[in-house]
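Engineer: Show me the folded form of this:
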Amino acid sequence: MNKKPYRGFDYYWKRYGIFATLLITLAVFAILSPLSLTPNNLLTVLSRSAIIGISACGMTFAICSGGFDLSVGAILGLSTCVFAANLPLFGLLPATLLTLLVGGLAGMLNGLAITKLKIQTFVATLAMGMIIKGVALLYTHGSKQMLSRTENAEAKIFSQNVNIGSLQVQLAPLLMMALVFICGYLIYRYTRHGVYTRSIGSNENAARTAGIPVDRTIIIVYIVTGVTASISGLIRASQLMQGSAVLGDGFELDAITATILGGTSLAGGKGNIWGTFIGAILLAMIRNGLNMIGLSDEYQRLTIGLILLAVLAISGLQELREEKSA
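Structural biologist: Numbering: from 1, shown residues only. The predicted model follows:
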């Protein structure tokens, strides 16, 4: 009779660690602030998680490929400016398509800098983020692009409140996030692009030797991160009814944090799309709960940083044990 293999902490943490962290967070806030677990507030948390989650889904592919994108915050800021400036001139659909095109173009430039100019990912995306923010400031002359709530009411389509019985929810961000993650999972799990991305992240040289189109795959990866950042920008511009170059400041760290919390390995080659989804919800839950108990942004960043450090420490110890047992 065959014995079942021993499954210790490492096995269960990899599969259920992010869910356990979310449940612990829910339990803590249930004690500290019971109002944070009301249905309306939980729906608010889900809606707020969409901005981080959508961009983090794209970031999952970037990190899985062995890189990351530090320009997504700047792309989000530029996207809000493009949308807010062009909506009154051309209408909703052209402004939306132009915003997504700008995000895709910015991502393509990142990919070209990394693959053709052979610039390290950190330097390429950091520099591109600075350039994109500069472009956004020049485009808006350093001022906010305000949208009129009466004349440009169609802008609220990406954040309109919908009543479901006694509950109120911003339904569009949730639907957009669900669509992005479903598409992201199917691409990651069942397409050549997903296989190529994982292979490049595991060993880029071996991937080139095997005939995988490494440069093309990486360019596509960064186009995806640019487009998903632009989608997040559309939602933020719709919620605030304005565009500004500074709206994405620090956003790239939130997207990377949600991805790492979800179980995607910083070493590359291993991604977790649905883990990223839960990671985005976890971040939104922490920020919302700390707001409700009256703690400022500094404490929010401290708490998220400590949680991220703990997750990275556990993952690092797991990798060390795997190396020793190999």
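Engineer: Surely I231 and G53 touch.
Structural biologist: No: assessed by Cβ atoms under 8 Å, I231 is found out of contact with G53, at 10.3 Å. For glycine as for every other residue, the C-beta is placed from the backbone atoms N, C-alpha and C.
Engineer: Neighbour count for these two, which is higher?
Structural biologist: G53 (32 against 27; other Cβ atoms under 10 Å).
Engineer: This protein: helices as residue ranges?
Structural biologist: 9-32, 39-64, 72-90, 92-115, 121-140, 171-190, 192-202, 204-209, 214-240, 251-261, 273-292, 297-325 (DSSP state H).
Engineer: Please report how far the nearest residue to L70 once chain neighbours are set aside lies from V72.
Structural biologist: Once flanking residues are discounted, L70 sits nearest to T125: 4.2 Å by Cβ to Cβ, 6 or more residues apart in numbering. Using Cβ to Cβ, to the nearest Å, one gets 8 Å for the distance from T125 to V72.
Engineer: the more surrounded of these two?
Structural biologist: V72 (36 against 28).
Engineer: for that one, what are its contacts?
Structural biologist: S55, G58, M59, G129, T225, G226, T228, A229, G248, F251, E252, A255 (Cβ atoms under 8 Å, 6 or more residues apart in numbering).
Engineer: I'd like the helices of the chain laid out as JSON lines, including distance to V162 and mean pLDDT.
Structural biologist: As requested, the helices of the chain are exported to JSON lines (distance: least, Cβ to Cβ, whole Å; pLDDT from 0 to 100):
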{"stretch": "helix 9-32", "distance to V162": "24", "mean pLDDT": "81"}
{"stretch": "helix 39-64", "distance to V162": "10", "mean pLDDT": "93"}
{"stretch": "helix 72-90", "distance to V162": "21", "mean pLDDT": "96"}
{"stretch": "helix 92-115", "distance to V162": "18", "mean pLDDT": "97"}
{"stretch": "helix 121-140", "distance to V162": "31", "mean pLDDT": "96"}
{"stretch": "helix 171-190", "distance to V162": "4", "mean pLDDT": "96"}
{"stretch": "helix 192-202", "distance to V162": "33", "mean pLDDT": "96"}
{"stretch": "helix 204-209", "distance to V162": "45", "mean pLDDT": "95"}
{"stretch": "helix 214-240", "distance to V162": "14", "mean pLDDT": "97"}
{"stretch": "helix 251-261", "distance to V162": "25", "mean pLDDT": "91"}
{"stretch": "helix 273-292", "distance to V162": "19", "mean pLDDT": "91"}
{"stretch": "helix 297-325", "distance to V162": "28", "mean pLDDT": "77"}
